[in-house]
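In: quick check, what structure comes out for this input:
(one chain, ligands or ions: 1)
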Amino acid sequence: MQSRKVVIIGSGVAGMTAAIYLKRAGIDTLVIECDAPGGQLNRSSSIENYPGFKFIDGPTLAMNIYEQVMNLKVDYLFDKVVEIKENGNKKIVKTSKEEIECEYVVMATGRTSRTLNLDNERKYIGNGISFCALCDGNLYKNKEVVIVGGGNSAIEEAIYLASLCKKVTVIHRKDKLTAEEALINTLKTYDNVEIIYNVNIKKYNEEDNKIVSITLDNNMIIPTSGVFIAIGYVPINNLIDVKKDNGYIVVDNNYETSIKNIYACGDAIKKSAYQIATAVGEATNVAYNIIKMIKDTK
Ligand SMILES: Cc1cc2nc3c(=O)[nH]c(=O)nc-3n(C[C@H](O)[C@H](O)[C@H](O)COP(=O)(O)OP(=O)(O)OC[C@H]3O[C@@H](n4cnc5c(N)ncnc54)[C@H](O)[C@@H]3O)c2cc1C
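Out: Predicted structure coming up:
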């Protein structure tokens, strides 16, 4: 079994930031990631609120950070963590293939998209139902699509799709969009966008194994080739029984969880702003506190 000082679970912006600080402080660090480095950054077509960049797309920002991490020669393991166990003063991080012993764990596991839980939804995820306009939008070029949601992510997705698709219909369950004013104003500049308020999708209608339309709960039928769901998120953190609030990890002022030497940062934790800037700040604090703990115990 390999033994490490720190294991970071997740290579989104939070995990990579913690890795940069820890490695630069000379601390033995392993990052474990089950997907592409960058996490949710890979799904954002335009970022205009991260200081230093008037505009940058998410995948480019993700790659810039990953290159920085690679230049520091941070060790990576591409595998899925399935469990974290305690073993005396040490932790055991169990992946699908091996167990790694360490002194400190950083949970930077982020969050994933919520689904509508409708019949035949599972069948069409990745083939008619998507959670990422940037990843899948091109499949619907010049076609009609539907976006579900009214928050920042939904409107950002709608703007991106409006530039590609024939028609974009935004389905929102409330009577007002909750996205930032600037995003709503940009969306309004597109004349191929329709917003339908106070409705939910009741049913996906299929023909020849393809989604061809949706039925709303007011029985209106909207023809569509694809449905993009952007109705919020579910945190991913069932790896160990730390204290949680609504699924999000509760941390103290040092970003330590209810279990000693297990820290958490980024979208996995309970907080008010789920943003790149906050994830970077929290990860910096996590690394700083771990560095301090290691130096104090020397
Ligand atoms: C469409 C969209 C647009 C956005 N636009 C903006 C914006 O304009 N400005 C802004 O500030 N923020 C924006 N955000 C939010 C921002 O992207 C997130 O707050 C931020 O990226 C969260 O980073 P994170 O590292 O905490 O989590 P994530 O990016 O979710 O990364 C978590 C990583 O952990 C990995 N992981 C999870 N579980 C395991 C496991 N068991 N084993 C191994 N690896 C695991 C995942 O694969 C993932 O790579 C947007 C988000 C979306 C989806």
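In: use CA for all of it now, contacts and neighbours both
Out: OK.
In: other SSEs contacting the helix or strand bottoming out on mean pLDDT in the chain?
Out: One helix or strand of the chain scores below all others by mean pLDDT, DSSP states H and E: helix 133-136, with a mean of 86. Helix 133-136 sits against helix 152-162, with contacts defined as 3 or more C-alpha pairs under 8 Å, 6 or more residues apart in numbering; DSSP states H and E.
In: can the helix it packs on be said to contact the ligand?
Out: Yes: contact of helix 152-162 with the ligand (C-alpha under 6 Å from any ligand atom) involves Ser153.
In: need the residues of this structure near the ligand, please.
Out: Checking the chain against the ligand by C-alpha under 6 Å from any ligand atom, the hits are 9-15, 32-35, 37-41, 43-44, 47-50, 80-82, 108-111, 153, 236, 266-267, 274-277, 279.
In: please narrow those residues to those residing in helices.
Out: Among the residues of the chain next to the ligand, the subset assigned to helices under DSSP state H consists of 13-15, 153, 276-277, 279.
In: give me the domain ranges for this structure.
Out: If you go by automatic domain parsing, the domain ranges for the chain are 2-112+233-296, 115-229.
In: can you redo those domains as TSV with mean neighbour count?
Out: Supplementary listing: the domains of the chain in TSV, determined by neighbours: other C-alpha atoms under 10 Å:
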stretch	mean neighbour count
domain 2-112+233-296	18
domain 115-229	18
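In: all strands of the stretch 101-250 of the chain, in order?
Out: Along the stretch 101-250 of the chain, counting by DSSP state E, counting those that start in this stretch, strands occupy 111-113, 129-130, 144-148, 167-171, 193-196, 201-207, 210-216, 221-223, 226-229, 233-235, 244-245, 248-249.
In: dump those strands to a markdown table, plus distance to Glu67 and mean pLDDT.
Out: A markdown table is the format used below for the strands of the stretch 101-250 of the chain (distance: least, C-alpha to C-alpha, whole Å; pLDDT from 0 to 100):
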| stretch | distance to Glu67 | mean pLDDT |
| --- | --- | --- |
| strand 111-113 | 23 | 92 |
| strand 129-130 | 28 | 94 |
| strand 144-148 | 33 | 98 |
| strand 167-171 | 36 | 98 |
| strand 193-196 | 38 | 98 |
| strand 201-207 | 41 | 96 |
| strand 210-216 | 39 | 97 |
| strand 221-223 | 43 | 98 |
| strand 226-229 | 31 | 97 |
| strand 233-235 | 26 | 91 |
| strand 244-245 | 33 | 96 |
| strand 248-249 | 29 | 96 |
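In: so who does the residue nearest the centre of the chain touch?
Out: Nearest to the mean C-alpha position of the chain, by C-alpha atoms, centre = their mean, lies Gln40 at 3.6 Å. The contact partners of Gln40, taken as C-alpha atoms under 8 Å, 6 or more residues apart in numbering, are Gly12.
In: quick one: pLDDT of the closest residue to Ala277 other than its chain neighbours?
Out: Leaving aside its chain neighbours, Ala277 sits nearest to Tyr50 (6.3 Å; criterion: C-alpha to C-alpha, 6 or more residues apart in numbering). The confidence metric pLDDT takes the value 93 at Tyr50.
In: so Tyr50 touches Ala279, yeah?
Out: No: using C-alpha atoms under 8 Å, Tyr50 is not in contact with Ala279; the gap is 11.3 Å.
In: about what we covered before: would you list the phi and psi of the residue nearest to Ala277?
Out: The phi/psi pair for Tyr50 (degrees, to the nearest 10) reads phi -100, psi 120.
In: for Leu77, see how far away it is.
Out: Distance of Tyr50 to Leu77, computed by C-alpha to C-alpha, to the nearest Å: 28 Å.
In: cool, and Gly232?
Out: 29 Å.
In: distance from stretch 165-174 to the middle of the chain?
Out: 22 Å (C-alpha atoms, centre = their mean, to the nearest Å).
In: tell me where the model's unsure across the stretch 1-150 of the chain.
Out: In the predicted model of the stretch 1-150 of the chain, no residue satisfies pLDDT under 70.
In: what residues does the least confident helix or strand of the chain touch?
Out: Contacts for helix 133-136 (C-alpha under 8 Å, 6+ apart): 42-45, 130, 157, 160-161, 228.
In: understood, closing this out.
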